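# Got a predicted structure here, sequence first:
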Amino acid sequence: MVDTSPVLLWFRRDLRLHDHPALRAAIDSGRPVIPVFICDETVEGLGAAPKWRLGLAVEHLSKTLSDKGARLILRRGNALSVLRALTEETGACAVYWSRLYDAASKARDTEVKAALKDEGAEAKSFAGHLLFEPWTVETKDGGFYKVYSPMWRAVRGRDPGAPLNAPGAWPSPGAWPATDQLTDWFLGASMRRGADIVAPHQTIGEDAARDRLYRFTDEYIGRYKAERDFPARPVTSGLSENLTYGEISPRVIWQAGHRAMDEGANGAEHFLKELVWREFAYHLIHHTPRIEAENWREGWDGFPWRDDNDEAERWRQGRTGVPLVDAGMREMYVTGTMHNRVRMIVASYLTKHLMTHWRVGQTWFEDCLTDWDPASNAMGWQWVAGCGPDAAPYFRVFNPETQAEKFDGDGTYIRRWLAEGQSDPTETAKSYFDAIPKAWGLSPSDPYPDPIVALKDGRKAALDAYEAWKS
């Protein structure tokens, strides 16, 4: 007899149809497939911008599936409870999903898999969020990598496999279960008036993500290595947004990057290194989950960082009086993203010049970034703060003024985002004041603020604190 019991395909951060191993396995089972998205505790706990952007991704996937004659079933609640209810309603005997690696997701998935198996259902997790599963990349001694460069050398020549094609016809069940309405979840409620400002800067869905990739490899990848640190130049891929929600797979990006490298593009290998930097972050979050919220390096718990403070609030508002720092913070508030070089500079300023704990900055990024990623955000903040995985044998302090001179010498990036003091501010600079809370009471006609601290004095205080702590 032919088994017609459905497979529940649980979508999470894999909101695409191309190169989706769990989806392919569900289709290949020969049974009807019911796609499901659950608004559970991990979704409810997201910050304002990533939760809103996730809603846009789910909405787009729902439309894509509808065009194929399928339906994305939306349910809200505890994941295990929802999946139990759906298996009972539909007669499904299997649940498939793509793996995630942060501590909360792993704990949830372990509980779900064990419970469903105990109840007689098939519960399977699949790769797809990364190029290489974290436990498959080992040092010669069989341990995990704590420094990026040797990990890059270990995986540089590996083949992650060819991307999978999207399915053709969708094997639908005889009847679809009931679904929530996405609008009833109010995933964008915390964005308030900022949503209309940030929305035009988003690139949503897998077709748009693939177009973005191929435009980058066709037009900009050759300039990537030489110009990627210049925030006013459009030579980066922007794919962090789409990778975050799984609107494109890392294998598709890896394949395109290798093709460009084979064709002689100068920046292609450097681009692939950045993709593996993301792998390194997940490698660490899998093997050392404390990196999400605790100092990764031992002994750093006694470092004299301050908790949240009034100066950190000025940092959040983009009013430190340091133009490059403020420009970066405002870019994030308007677009949902920030240039990577500038991310390092604003993080260094908070943790070094303002001696404020990296968790304060990490939490703000969690709320404001539409490309927020649990592994990359945690590792990035700790790398800059000095308590994370970093082979540099010194306490790095970025100088925002010299960084601006080197990477924004004509001031194009700063003018793009700072309105104060300009006779004719750019639209992007003015849009910041349309996005921020009215309670901040800020206006583009305000005078530009004086620096919170002289850069020389802030650097010296940070280095003095470091030396005192070491001794």
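Structure's in. What do you need?
# Now stretch 32-49 - C-alpha only, PDB.
Provided in PDB are the C-alpha atoms of stretch 32-49 (Å, rounded to 0.1, in the frame of the first residue of the first chain):
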ATOM      1  CA  PRO A  32       2.100  14.900   0.700                       C
ATOM      2  CA  VAL A  33       4.000  17.700   2.200                       C
ATOM      3  CA  ILE A  34       2.500  20.300   4.500                       C
ATOM      4  CA  PRO A  35       4.800  23.400   5.100                       C
ATOM      5  CA  VAL A  36       4.500  24.900   8.500                       C
ATOM      6  CA  PHE A  37       5.900  28.000  10.200                       C
ATOM      7  CA  ILE A  38       5.600  28.300  14.000                       C
ATOM      8  CA  CYS A  39       5.700  31.600  15.900                       C
ATOM      9  CA  ASP A  40       7.200  30.100  19.100                       C
ATOM     10  CA  GLU A  41       9.300  31.500  21.900                       C
ATOM     11  CA  THR A  42      12.300  32.000  19.800                       C
ATOM     12  CA  VAL A  43      10.400  34.200  17.400                       C
ATOM     13  CA  GLU A  44       8.500  36.000  20.100                       C
ATOM     14  CA  GLY A  45      11.900  36.900  21.800                       C
ATOM     15  CA  LEU A  46      13.400  38.500  18.700                       C
ATOM     16  CA  GLY A  47      14.200  42.200  18.700                       C
ATOM     17  CA  ALA A  48      12.000  44.700  16.900                       C
ATOM     18  CA  ALA A  49      13.800  44.900  13.500                       C
END
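# How far off centre is that stretch?
Relative to the centre of its chain, stretch 32-49 is centred 16 Å away, using C-alpha atoms, centre = their mean, to the nearest Å.
# Name the residues of it that are buried.
By neighbour count with 16 or more other C-beta atoms under 10 Å, stretch 32-49 contains the buried residues 32-40, 42-43, 46-49. Bear in mind the C-beta positions are built from the backbone N, C-alpha and C, glycine included.
# In strands, which of these appear?
33-39 (DSSP state E).
# hang on, the earlier thing: quick one: which two of the buried residues of stretch 32-49 are the most distant?
Farthest apart among the buried residues of stretch 32-49 by C-beta to C-beta are P32 and A48. That separation is 36.9 Å.
# Quick one: the strands in the chain, in order.
Using DSSP E, strands in the chain cover 7-11, 33-39, 73-76, 94-98, 122-126.
# Identify whichever of those strands lies nearest to R341.
That would be strand 94-98 among the strands of the chain, by C-beta to C-beta, at 31.1 Å.
# Give me the contacts around that closest one.
In this structure, residues lying in contact with strand 94-98 by C-beta atoms under 8 Å, 6 or more residues apart in numbering are 5-14, 20-23, 25-26, 29, 31, 83, 87, 109, 112, 116, 121-129, 246.
# tell me the mean pLDDT for that strand?
Across strand 94-98, pLDDT averages out at 98.
# Paired strands for that strand, with orientation please.
Here strand 94-98 is paired, per DSSP bridges, with strand 7-11 (parallel), strand 122-126 (parallel).
# where does the nearest residue to E420 once chain neighbours are set aside land on pLDDT?
Take E420 and drop its neighbours on the chain: the residue closest to it by C-beta to C-beta, 6 or more residues apart in numbering is Y448, 4.0 Å away. Looking at Y448, its pLDDT reads 97.
# what residues are up against Y448?
So Y448 contacts 321, 418, 420-421 (C-beta under 8 Å, 6+ apart).
# Which one (most neighbours) among the residues you listed?
L418 (23 neighbours; other C-beta atoms under 10 Å).
# Report the contact partners of it.
Shown in contact with L418 (C-beta under 8 Å, 6+ apart): 323, 326-327, 330, 425, 429, 448.
# Same question for S240.
337, 371, 373, 376.
# ok, those vs A195, which is closest?
Once C-beta to C-beta is applied, the member of these that ends up nearest A195 is T337, at 15.2 Å.
# now that closest one, nearest residue through space, not along the chain?
D371 (5.2 Å).
# give the contact list for the one you found.
Residues in contact with D371 (C-beta under 8 Å, 6+ apart) are 240-241, 243-244, 336-337.
# neighbour-wise, which of those residues leads?
Within those, E241 tops the neighbour count with 27 neighbours, counted by other C-beta under 10 Å.
# Excluding chain neighbours, what is closest to that residue?
D371 (4.2 Å).
# re earlier: between the strands of the chain, which one is nearest to T402?
strand 94-98 (43.0 Å).
# and the angle for the closest one with strand 33-39?
Calculated by axes from the mean of the first three to the mean of the last three C-alpha atoms, to 10 degrees, strand 94-98 forms an angle of 60 degrees with strand 33-39.
# Using PDB, write out every CA atom in strand 94-98.
Extracted C-alpha coordinates of strand 94-98, given in PDB (Å, rounded to 0.1, in the frame of the first residue of the first chain):
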ATOM      1  CA  ALA A  94       6.900  12.600  10.000                       C
ATOM      2  CA  VAL A  95       8.300  16.100  10.800                       C
ATOM      3  CA  TYR A  96      11.400  17.400   8.900                       C
ATOM      4  CA  TRP A  97      13.400  20.600   9.600                       C
ATOM      5  CA  SER A  98      16.700  22.300   9.000                       C
END
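# Any idea how far it is from the middle of the chain?
23 Å.
# rewinding a little: which among the contacts of Y448 gets closest to E133?
Using C-beta to C-beta, these come closest to E133 at L418, 43.8 Å.
# roughly how far apart are the closest one and G302?
Per C-beta to C-beta, to the nearest Å, L418 is found 37 Å from G302.
# Also R13?
To G302, R13 is 36 Å away according to C-beta to C-beta.
# out of those two, which sits in the more crowded spot?
Between R13 and G302, counted using other C-beta under 10 Å, R13 has the larger neighbour count: 21 against 8.
# Would you enumerate the residues in contact with the nearest residue to P150 once chain neighbours are set aside?
Distances taken as C-beta to C-beta, 6+ apart put T139 closest to P150, at 7.3 Å, once the chain neighbours are dropped. In this structure, T139 makes contact with 145, 150, 154, judged by C-beta under 8 Å, 6+ apart.
# How is the protein partitioned into domains?
1-127, 130-160+196-287, 300-470 (automatic domain parsing).
# and S172, which of those is closest to it?
S172 lies closest to domain 1-127 among the domains of the chain, at 5.9 Å (C-beta to C-beta).
# and the closest one, how far out from the chain's middle?
20 Å.
# sorry, back to before: out of the contacts of T139, the closest to Q317 would be?
Nearest member of the contacts of T139 to Q317, counting by C-beta to C-beta, is Y145, at 38.0 Å.
# I'd like to know how many residues surround the nearest residue to that closest one once chain neighbours are set aside.
Excluding its sequence neighbours, the residue lying closest to Y145 (C-beta to C-beta, 6+ apart) is M151, at 3.8 Å. Using other C-beta under 10 Å, M151 has 23 other residues around it.
# same deal with the one 3 residues further on?
Using other C-beta under 10 Å, A154 has 16 neighbouring residues.
# For S376, see how far away it is.
20 Å.
# which residue is nearest the centroid of the chain?
D373 (2.8 Å; C-alpha atoms, centre = their mean).
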